[in-house]
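> Turn this into a structure:
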Amino acid sequence: MSGKILLTGISGWIAKHTAIELLNSGYEVLGTVRNKNLIEQTKETISKYASIDKLSFVELDLVKDDGWNEAAKGCKYIFHIASPFPMKVSRNRESLLPPAVDGTLRVLKAGVNAGVEQIIKTSSIVAMFRKPNRSNPYTFGENDWTDENWVEGVNDYFLSKTKAEKLAWKFMESKGLRNKLTCICPGGVFGDALDKKGGTSIEYVRQFMAGKFPGAPKFAILVSDVKDIAKAHVACIGNNKIGGRRLIVGKEVKKLVELSQIMAEAMPEYAKKLPKKELPNFMVKLISYIDSSAKMMIPDLGILMQTDTAYAEELLGFKFKPAKDCMIENAKSVVRLGLV
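Numbers count the residues shown, from 1 in each chain. Below you'll find the predicted structure:
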């Protein structure tokens, strides 16, 4: 394989896995970092899993115009993976919009100006499933959108992902280039942590294994393996079936207590610390006043989501990993890295 790829936010967890997949497939990767101090650690991690001969870096900020057009020149593809995902929920619903929404527009404009062949954007199922008055269980799919006007139920992160993806489609359609864009939409991302700079979901696993939760919130999520997400991005290159599509990546929906049980069985030495029962919803709501990260789950407590990802497997040409394998790899990597 050949071709140069601009990969945004390369120091992030999904992006590092994607860079490894790209480099091992023979592509040249130009990774963007918000701060050049992130370069050495990122390079060190990636070098353990792939040759970095074709890896280079550029310091760019999603909230600034400078440098994006220059970075995109000579690139055949853009993977726009960078997007903020904080543990804590801000009281300001619009706090993440500048990097998520304005940043997306900067990246897309640079790609169009450079005449790239494809743009693959990392979105999320959070841009699809959050809306009021849902049935239980409820089903969502590629054509569904989160209701950004639902103020009580759509927090800063959900709003940023929804608005950013909607803007991406609107912009590409305005240029007559809808088929040059594909959005990858994972659920809760788990799997090999790679290094100590893990994502938000890695932190949830760490807290579970460290005994920070007396019980598991009654929350269920589509489990997405980080390596599947990386593989999905790369499988889009030159794939004429995925233009203009939103691809949901993940195999199974699992409750948090089920994920805890999987980890306890695989790592019995942590079984005592891992939650065995579910917390009453009122208790999770009380906890959210002290720990705002719990607010992320509240609108979905006790509701079971359903989605069919077989179409994405068919379009991408591979089967997604089951939740069990993904969670065991996640737990083992957390221990290996000394995070618990």
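> ok now do Leu7, which residues does it touch?
15, 18-19, 22, 29-32, 78-79, 81 (Cβ atoms under 8 Å, 6 or more residues apart in numbering). Bear in mind the C-beta positions are built from the backbone N, C-alpha and C, glycine included.
> Give the buried residues for the host helix or strand of it.
Here Leu7 is covered by strand 4-8, with elements defined by DSSP states H and E. By 16 or more other Cβ atoms under 10 Å, the buried positions in strand 4-8 come out as 4-8.
> Could you list the low-pLDDT ranges of this structure?
Applying pLDDT under 70 to the chain flags the ranges 1-2, 84-89, 198.
> The longest helix along it - contacts with which helices or strands?
Looking across the chain with DSSP state H, the single longest helix is helix 156-174. Packing contacts for helix 156-174, counted by 3 or more Cβ pairs under 8 Å, 6 or more residues apart in numbering; DSSP states H and E, involve helix 97, helix 103-114, strand 118-122, strand 181-186.
> Contact partners for the nearest residue to Gly9 once chain neighbours are set aside?
Once flanking residues are discounted, Gly9 sits nearest to Ala82: 2.5 Å by Cβ to Cβ, 6 or more residues apart in numbering. Ala82 sits next to 8-9, 12, 15, 32, 34, 62, 99, 103 when contact means Cβ under 8 Å, 6+ apart.
> and which of those is nearest Gly115?
Checking those against Gly115 by Cβ to Cβ gives Thr8 as the nearest, at 18.0 Å.
> who's in contact with that closest one?
Neighbouring residues of Thr8 by Cβ under 8 Å, 6+ apart: 15, 31-32, 60, 62, 78-82, 107.
> Show me the beta-bridge partners of it.
Beta-bridge partners for Thr8, by DSSP bridges, are His80.
> tally of neighbours for Phe208?
Look at Phe208: counted by other Cβ atoms under 10 Å, it has 23 neighbours.
> correct me, but it touches Met263?
Yes. Using Cβ atoms under 8 Å, Phe208 makes contact with Met263 at a distance of 7.0 Å.
> Next, show the common contact partners of the two.
With Cβ under 8 Å, 6+ apart as the test, Phe208 and Met263 both reach Leu274.
> about what we covered before: a markdown table for the helices and strands packed on helix 156-174, including mean neighbour count?
Listed next are the helices and strands packed on helix 156-174 as a markdown table, based on neighbours: other Cβ atoms under 10 Å:
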| stretch | mean neighbour count |
| --- | --- |
| helix 97 | 18 |
| helix 103-114 | 21 |
| strand 118-122 | 25 |
| strand 181-186 | 26 |
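> possible to save the ones you listed as TSV with distance to Ser135?
Formatted as TSV, these follow (distance: least, Cβ to Cβ, whole Å):
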stretch	distance to Ser135
helix 97	30
helix 103-114	31
strand 118-122	29
strand 181-186	21
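> closest to Thr45 out of the ones you listed?
Nearest to Thr45 among these is strand 118-122; the distance by Cβ to Cβ comes to 18.6 Å.
> What is that closest one packed up against?
Strand 118-122 packs on strand 77-80, helix 103-114, helix 156-174, strand 181-186, helix 226-235, going by 3+ Cβ pairs under 8 Å, 6+ apart.
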